[in-house]
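Novice: turn this into a model:
(chains A and B)
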Amino acid sequence: MSVPILDVRGLDVVFRTGRGAVHAVDGVDITVAAGEVVGLVGESGSGKSVTLRAILRLLHENAEIGGRVLWRGEDLLAMPAERLRSVRGREIAVVFQEPMSALNPVLPIGLQIDEVMAAHFGRSREMSRAARRARALELLDLVGIASAAERLDQYPHEFSGGMRQRAMIAIALAAEPALLLADEPTTALDVTIQDQILKLLLRLGRELEMALLLVTHDFGVVAETCDRVAVMYAGRLCEVGGVADVFRRPLHAYTAALLGSIPGEGLARSMLTPIPGQPPRIDRPFPGCAFAPRCAYVEPRCHDERPPFTTLAPDHGSACHASARLPERAQ
Amino acid sequence: MRVRQVRAPLVAGLLILAVLLAFAAFPGWIAPYDPIGFDFTALLAPPSWSHPFGTDQFGRDILSRTIASSGIDLQIAIFATVGPLLIGGSIGLFVGYAGGIADAVFGRFADLVVTFPFLVLVIAIVAVLGPGLLNMYIAVACVGWVAYARLMRGEVMVQKASDYVAAARVLGYGTLRIVLRHILPNAARPVLVYLVSDMALAILLGSSLGYLGLGAQPPAAEWGVLIADGKNFLSQAPWIALFPGVVIVLAGLGFSLTGDGLADLLEVRR
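Specialist: Below is the predicted model:
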């Protein structure tokens, strides 16, 4: 594996609320290499979106962030605000889940694309107004928006959901970032559009040599798109590995259970295997493995001894006491 | 932007305002008589075809005087609201975005100002500064900014938490750009709607102060001053006070309808 451009080490996020501290992210390590597509998977409330937002320090003031987020060797968490601003948008860009609300309703789309370039290249006169306009046209074309010239002067409410997400992607790409963080970019869209947007992101990643960190709750999406995958549960990292490895031989009981609950492999009308129970509450600390109460492979020590994250195969590791007992999956 | 169906109240309101604006712009062409010309052949004449609103004790035509006054009243509608808008809007924008101590201090100070009845506080300030239009504007600005600041602060706080502001932040935009270009245009709509409604109140306020002799000073005619002039003749010649009063009500209605219509048009929730 090449040297990662993004290296998240021991990321901790604690929200101080009126009802106590909530440990939303607990010691998460993730790396992303240049041009790589990494999936971050977990169910609702597992801390995946918080992780993504913490990387760019986008959390509210009641969040305490610990650990280190190294971007090309520089710690984003310790960086002065002015330097952080030049990384945001320019080197790392974000696409949010809700294309309906992430665009400014009173500005035309073209202006919002233009603004990214004006903010990052405009001051030093690297790009003239005409050059930015031409580039905005090119970007809309690139993300597959037809009759781009007319679309530039339209407002967000004149765009459909899928079109808005494409426009969001165009805005994110405007400054040619090296890493795109995508926070469930397709969740708010219907299935045919989801597929188009994912394919678009992948194609753009390849063409622009841009790394992609894709947060999703959909293992199907991961299987189709990612090189590597990181699985989160209750704010903790369960398993990290190459997608093929993880799908063939999961090393964490939670991953195994998740994979077992996905419809697929061509077996029509076969029963799915759901995971019993509810995710734990993360507003009180638990000593053992967070998944233990719902786990089919649970051992006594799982309840009071937190499994350490162990690398068991090249670039494939997990935090599970039962990893050796998990079955290989039939493909 | 897509043109929405224009509603009747907005049209009615704008029509009233257009007539008032015409009065204010061309009083000499529209008024049938010289507003300060005495006519001793028609003292305290009741409404008739030659004097539709009647005349006062010097034979001055009330209709002409009402038309001639509209300029000052429209001026009041604008200057007594734009000052508070600019001051209050800026303060609201700042504390809404900054939050924290600035917001807490603003909140207590605003509470302090609104503890006093609006009119009483304005009269007190005018009494200190001395009567006159300019001092009236200063007094209204001193008190009226609070409403604008509170409205703006609330809107800014809503917009500040929105996704597109988060998106602007991760695109690496500076605070000034985010506040002025992204938050302000979105937060300004309800404030502008309130501005138009407030103009109705400003005309009433200007008339009240004119009536009390604290606003526009004679010989500058103003609707409140006209009513004050007529109060001594209420039993013999009620039309002197009545017609300027009716015009004040209509002007207020015009601004209110326009404000409501704008709120509908801009989809401002209230």
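Novice: where exactly do the strands run in the chain?
Specialist: Picking chain A for this. Here chain A has its strands, by DSSP state E, at A:4-17, A:20-33, A:37-41, A:63-71, A:74-75, A:92-95, A:179-183, A:211-216, A:228-233, A:236-242, A:310-313, A:316-318.
Novice: the second one versus strand A:236-242: what angle between them?
Specialist: Interaxial angle, strand A:20-33 versus strand A:236-242 (axes from the mean of the first three to the mean of the last three CA atoms, to 10 degrees): 10 degrees.
Novice: get me the contact residues on the stretch 101-250 of chain B for chain A.
Specialist: B:162-164, B:166-174, B:177, B:181-182, B:185-186 (CB under 8 Å from any CB of the partner chain). Any C-beta I mention is one placed from the backbone N, CA and C, and that applies to glycine too.
Novice: 10 Å instead?
Specialist: B:159, B:161-175, B:177, B:181-186, B:188-189 (CB under 10 Å from any CB of the partner chain).
Novice: would you mind measuring from the residue most central in space within chain B to B:P244?
Specialist: By CA atoms, centre = their mean, chain B has its centre lying nearest to B:M199, at 2.1 Å. The gap separating B:M199 from B:P244 is 18 Å, by CB to CB, to the nearest Å.
Novice: again with A:P185
Specialist: 63 Å.
Novice: surely B:R169 meets B:A161?
Specialist: No: assessed by CB atoms under 10 Å, B:R169 is found out of contact with B:A161, at 11.6 Å.
Novice: higher neighbour count, these two?
Specialist: Between B:R169 and B:A161, counted using other CB atoms under 10 Å in any protein chain shown, the more crowded position is B:R169 (20 against 10).
Novice: output the helix or strand containing the more buried one as PDB, nothing but the C-alphas.
Specialist: Here B:R169, judged by DSSP states H and E, is contained in helix B:163-170. C-alpha atoms of helix B:163-170 as PDB (Å, rounded to 0.1, in the frame of the first residue of the first chain):
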ATOM      1  CA  ASP B 163     -26.700  22.600   5.400                       C
ATOM      2  CA  TYR B 164     -25.800  25.100   2.800                       C
ATOM      3  CA  VAL B 165     -23.900  27.200   5.400                       C
ATOM      4  CA  ALA B 166     -22.100  24.000   6.500                       C
ATOM      5  CA  ALA B 167     -21.400  23.400   2.800                       C
ATOM      6  CA  ALA B 168     -20.000  26.900   2.400                       C
ATOM      7  CA  ARG B 169     -17.800  26.400   5.400                       C
ATOM      8  CA  VAL B 170     -16.300  23.200   4.100                       C
END
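Novice: who touches the worst-scoring helix or strand of chain B on mean pLDDT?
Specialist: Least confident helix or strand of chain B, by mean pLDDT, DSSP states H and E, is helix B:27-30 with a mean of 84. If you take CB atoms under 10 Å, 6 or more residues apart in numbering or on different chains as the criterion, helix B:27-30 is touched by B:19, B:22-24, B:34-35, B:63-71, B:221.
Novice: JSON lines please, covering the strands of chain A and showing mean pLDDT, mean neighbour count and distance to A:D190.
Specialist: JSON lines is the format used below for the strands of chain A (pLDDT from 0 to 100; neighbours: other CB atoms under 10 Å in any protein chain shown; distance: least, CB to CB, whole Å):
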{"stretch": "strand A:4-17", "mean pLDDT": "91", "mean neighbour count": "18", "distance to A:D190": "31"}
{"stretch": "strand A:20-33", "mean pLDDT": "90", "mean neighbour count": "20", "distance to A:D190": "29"}
{"stretch": "strand A:37-41", "mean pLDDT": "93", "mean neighbour count": "26", "distance to A:D190": "21"}
{"stretch": "strand A:63-71", "mean pLDDT": "92", "mean neighbour count": "18", "distance to A:D190": "33"}
{"stretch": "strand A:74-75", "mean pLDDT": "92", "mean neighbour count": "12", "distance to A:D190": "40"}
{"stretch": "strand A:92-95", "mean pLDDT": "92", "mean neighbour count": "26", "distance to A:D190": "17"}
{"stretch": "strand A:179-183", "mean pLDDT": "92", "mean neighbour count": "25", "distance to A:D190": "18"}
{"stretch": "strand A:211-216", "mean pLDDT": "93", "mean neighbour count": "24", "distance to A:D190": "16"}
{"stretch": "strand A:228-233", "mean pLDDT": "93", "mean neighbour count": "26", "distance to A:D190": "24"}
{"stretch": "strand A:236-242", "mean pLDDT": "92", "mean neighbour count": "25", "distance to A:D190": "30"}
{"stretch": "strand A:310-313", "mean pLDDT": "86", "mean neighbour count": "12", "distance to A:D190": "38"}
{"stretch": "strand A:316-318", "mean pLDDT": "91", "mean neighbour count": "22", "distance to A:D190": "34"}
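Novice: nearest to chain B, of these?
Specialist: Nearest to chain B, of all the strands of chain A, is strand A:92-95, at 4.5 Å by CB to the nearest CB.
Novice: that closest one close to chain B?
Specialist: Yes: for strand A:92-95 and chain B, the contact criterion (CB under 10 Å from any CB) is met by A:92-95.
Novice: identify, from those residues, the entry nearest to B:I101.
Specialist: A:V94 (30.5 Å; CB to CB).
Novice: pull the contacting residues for that closest one.
Specialist: A:52-53, A:55-56, A:58, A:88, A:102, A:168, A:171-172, A:177, A:179-183, A:185, A:213, B:166-167, B:169-171.
Novice: if I look at the nearest residue in space to A:H321 that is not next to it in sequence, how far off is A:Y233?
Specialist: Nearest non-adjacent residue to A:H321, counting by CB to CB, 6 or more residues apart in numbering or on different chains: A:P307, 4.8 Å away. A:P307 sits 12 Å away from A:Y233, taking CB to CB as the criterion.
Novice: find the residues that touch each one of those two.
Specialist: A:252-253, A:289, A:291, A:319.
Novice: need the residues you listed in TSV with pLDDT, can you?
Specialist: Output for the shared contacts of A:P307 and A:Y233, formatted as TSV (pLDDT from 0 to 100):
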residue	pLDDT
A:H252	92
A:A253	91
A:C289	89
A:F291	90
A:A319	92
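Novice: which of these are close to chain B?
Specialist: Answer for the shared contacts of A:P307 and A:Y233 near chain B: none qualify (CB under 10 Å from any CB).
Novice: mind checking which of those residues are buried?
Specialist: A:252-253, A:289, A:291, A:319 (16 or more other CB atoms under 10 Å in any protein chain shown).
Novice: and which of these is nearest to A:V28?
Specialist: Out of those, the member with the shortest distance to A:V28 (by CB to CB) is A:A319, at 10.8 Å.
Novice: give me the neighbour count for residue 87.
Specialist: All of this is about chain A. Applying other CB under 10 Å, we find 20 residues neighbouring A:V87.
Novice: wrong one, chain B
Specialist: 17.
Novice: returning to that earlier point: just the buried members of the residues of the stretch 101-250 of chain B next to chain A?
Specialist: Buried subset of those (neighbour count, 16+ other CB under 10 Å): B:159, B:162-173, B:181-184, B:186, B:188-189.
Novice: next, the buried residues of stretch B:105-125.
Specialist: When burial is assessed from 16+ other CB under 10 Å, stretch B:105-125 yields the following buried residues: B:106, B:110, B:113, B:118, B:121-123, B:125.
Novice: just flag the most distant two among these.
Specialist: Once CB to CB is applied, the buried residues of stretch B:105-125 give B:F106 and B:I123 as the farthest pair, at 25.0 Å.
Novice: show me the longest helix that occurs in the chain.
Specialist: Because you didn't say which chain, this covers chain A. The single longest helix within chain A, with elements called by DSSP state H, is helix A:191-208.
Novice: was after chain B, sorry
Specialist: helix B:62-98.
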